[in-house]
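Trainee: Turn this into a structure:
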Amino acid sequence: MPTIEPGPGRAWFPGSSNRSGSLSGRDSARRAAINDVLGGRADEPFLDWSGLRHETIEHRLRLRVSNASWHRFLPISPQLLPVEQGHPTTRFRPITVHPLGEVCTRSSTCATGPKAETSTTVPDMDNPLRIVIVGPGRAGTSVGLAAHRAGHDIVGVLGRSNVIPTAAMLEAPALEWDISLPPCDLIIVAVRDDAITEVAALLAPVASNAKASVHLSGLTSIDALDPLRQAGLEIGGFHPLQSMPNPRDGAAALDGASVGITAAPPLQGVLERLAISIGAHPFELVDAQRPLYHAAAAAAANYVLTTLGMAERLFAAAGVPFAAARPLVIQIVDNAFDLGPLVSLTGPIARGDVGTVAAHLAAVEAVDADLASDFRAFGRATARWASADEAVREVLG
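Mentor: This is a model prediction of the structure:
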């Protein structure tokens, strides 16, 4: 998914094959659409948001994409671009990049290619959401801070600890458990999974001024919020598929992240609007599939780190800095999302190189027997997934 990635008013727009800012002939249709958003000719100097003259418009409009090619986009939601000098959140127009790469705006028409399969309206920030954060931990504060920066009103923070500093950060009042919540559109319950129902039951008697509530869990059913549903609120789930190590880094990481939405209309539309407003990309998450979805997320995040931890130990034993592997890892991950994981698999197991696989096992065994056991297990899983030759499987045991 593309996202705007400005520095202090700087951006770069990738042409089809170079980074000079010049567009190739096949990008001419996109040039017109971009010029329509930003104004002026694409080859003339441009006064950036910080008031300094820098590069041309084409240099300045950087759409950061997971797939560097303009011609292989998946259908995406509208993006937001600044249309006047000032802070990037001042005024926006929608821009949509369709699967074949053409750019459309509300005031221009795509020249070629199919329409995107999904279309989401840009949030109307003239009517920001009024939000109460319950549970000001890393996730709750990250989402609250991102929403606050997007222009939504955090009208209260409620919790058992860390309430005062979080409320100050979000410019919101600290609330009490036994006092009615202020009028709000959304209560975000950001507590551990096994406490969601307990907290929902505590909130139900004081939530008469609220319209809806969501939790941030990726695993737990939205039925955990049933006490609030019984109190007349709509309920749903809003799960950021992103790591949020602390509130400030977590809020920044939500820009460009995906968010799983579980809710019936009209709350579904409200949550999609919230996700888009913080720069995230909403997708529908079926409630019954949450455990499987969460397992997939754990595999994508935790198991990758386990593998990298193993690699770090082996590199250290070989006297090679772990950082040397960074370009390799980044390229492999890019390949996995661009081409598919199985197609991207290379190495001795994929090519059936029995001798190399055996040499790897012997080298790791010489370093640490427990590590060798884990290494062998990863090798077996890889061989099974890749349908490797029988000879390779025999070596792996």
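
Trainee: pLDDT weak spots in the stretch 101-250 of the chain?
Mentor: 101-126 (pLDDT under 70).

Trainee: residue ranges of the strands in it, please?
Mentor: 103-105, 130-134, 153-158, 186-189, 212-215, 234-241 (DSSP state E, counting those that start in this stretch).

Trainee: Ile164: how many residues sit nearby?
Mentor: 12 (other C-beta atoms under 10 Å). For every residue, glycine as well, the C-beta is placed using N, CA and C.

Trainee: all numbers from here: first residue = 11
Mentor: Renumbered: residue one is now 11, and that last one reads Ile174.

Trainee: Give the closest residue to it in space, chain neighbours not counted.
Mentor: Ala184 (5.6 Å; C-beta to C-beta, 6 or more residues apart in numbering).

Trainee: Ok, Met179 next?
Mentor: Leu155 (6.6 Å).

Trainee: With Val201 instead?
Mentor: Gly145 (4.0 Å).

Trainee: Look up how far Leu352 lies from that neighbour.
Mentor: 40 Å (C-beta to C-beta, to the nearest Å).

Trainee: go on, Ala396?
Mentor: For Ala396 relative to Leu352 (C-beta to C-beta), the value is 7 Å.

Trainee: Who has more neighbours out of the two?
Mentor: Ranked by neighbour count (other C-beta under 10 Å), Ala396 and Leu352 place Ala396 first, with 17 against 11.

Trainee: What score does the more buried one have for pLDDT?
Mentor: Looking at Ala396, its pLDDT is 93.

Trainee: where does it sit relative to Val142, distance-wise?
Mentor: Taken as C-beta to C-beta, the span from Ala396 to Val142 is 49 Å.

Trainee: What distance do you get for Asp297 to Asp344?
Mentor: Taken as C-beta to C-beta, the span from Asp297 to Asp344 is 32 Å.

Trainee: Repeat that for Thr151.
Mentor: Distance, Thr151 to Asp344, by C-beta to C-beta: 31 Å.

Trainee: Comparing the two, which shows the higher neighbour count?
Mentor: For Thr151 and Asp344, the more surrounded residue by other C-beta under 10 Å is Thr151, and the numbers stand at 27 against 14.

Trainee: residues near the residue nearest to that one when sequence neighbours are not counted, how many?
Mentor: Using C-beta to C-beta, 6+ apart and skipping the chain neighbours, the partner closest in space to Thr151 is Pro257 (3.9 Å). Number of residues near Pro257 (other C-beta under 10 Å) recorded here: 24.
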